[in-house]
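[1] 3D, please:
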Amino acid sequence: MPLDLTPAFASPQDGAEDARRDSPPEGPLSPGLDAALDAAFEDALFEEGAPLAGLVRLDRFTLPAASREEFLRRVGFIHRLLRTRPGFLRDIAVERALPDDRLELATLVEWAAPEDAAAAAPMVTAALAEAGLDLRADLARLGVAGEKADWLAVDLFAEPDEA
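    Numbers count the residues shown, from 1 in each chain. So this is what the prediction gives:
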């Protein structure tokens, strides 16, 4: 049975993608993306009573707009797998248009513990191989550049330690 590679993060607003793509980018690349991430994650990350993740994985990508659909199919495939793993808490993807018909896309995945994220990696690698997908080759062919980093969650409302 073929695997469903339908995009998991298609825009819910018809036409909004064209408006974003035609808009000038906000300032330098990193500060603009940081502002977009701050706005997108504010409710999810700072909601009172929300669980505090043990690890947050933040992946940032730059890609040609023409590669968007195929790249989102790969991202969606991987995130559907991650959502089945123990310790997965939630995920989100955000994007913004850049000049020269490029996009910047960021994904965030929250895990209950660093060990949960580490345990998911071999499963994703195996599933990609089973589906006949070579992620590195696909990213190179699509012109996708990216950076990935693991972050430890910080409780902004914790009482300070008394010495």
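[2] same for the helix or strand hosting Ala137, what does it pack against?
    Ala137 belongs to helix 135-142 when assigned by DSSP states H and E. Applying 3 or more Cβ pairs under 8 Å, 6 or more residues apart in numbering; DSSP states H and E, we find helix 135-142 packed against helix 68-82. Backbone N, C-alpha and C define where each C-beta goes, glycine included.
[3] residues of the next helix-or-strand element following the helix it packs on that come out buried?
    Using DSSP H and E, the helix or strand that follows helix 68-82 towards the C-terminus is strand 88-98. Under the neighbour-count criterion of 16 or more other Cβ atoms under 10 Å, strand 88-98 has 88-89, 91-98 buried.
[4] what mean pLDDT does strand 88-98 get?
    Mean pLDDT, strand 88-98: 96.
[5] pairing partners for it, with directions?
    strand 102-111 (antiparallel) (DSSP bridges).
[6] what does the strand it pairs with rub up against?
    21, 29, 33, 36-37, 41, 53-65, 68, 71, 75, 79, 82, 87-98, 117, 120, 153 (Cβ atoms under 8 Å, 6 or more residues apart in numbering).
[7] one step back: got a markdown table for the buried residues of strand 88-98, with distance to Asp134 too?
    Listed next are the buried residues of strand 88-98 as a markdown table, based on distance: Cβ to Cβ, whole Å:
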| residue | distance to Asp134 |
| --- | --- |
| Phe88 | 25 |
| Leu89 | 29 |
| Asp91 | 23 |
| Ile92 | 26 |
| Ala93 | 22 |
| Val94 | 26 |
| Glu95 | 24 |
| Arg96 | 28 |
| Ala97 | 28 |
| Leu98 | 26 |
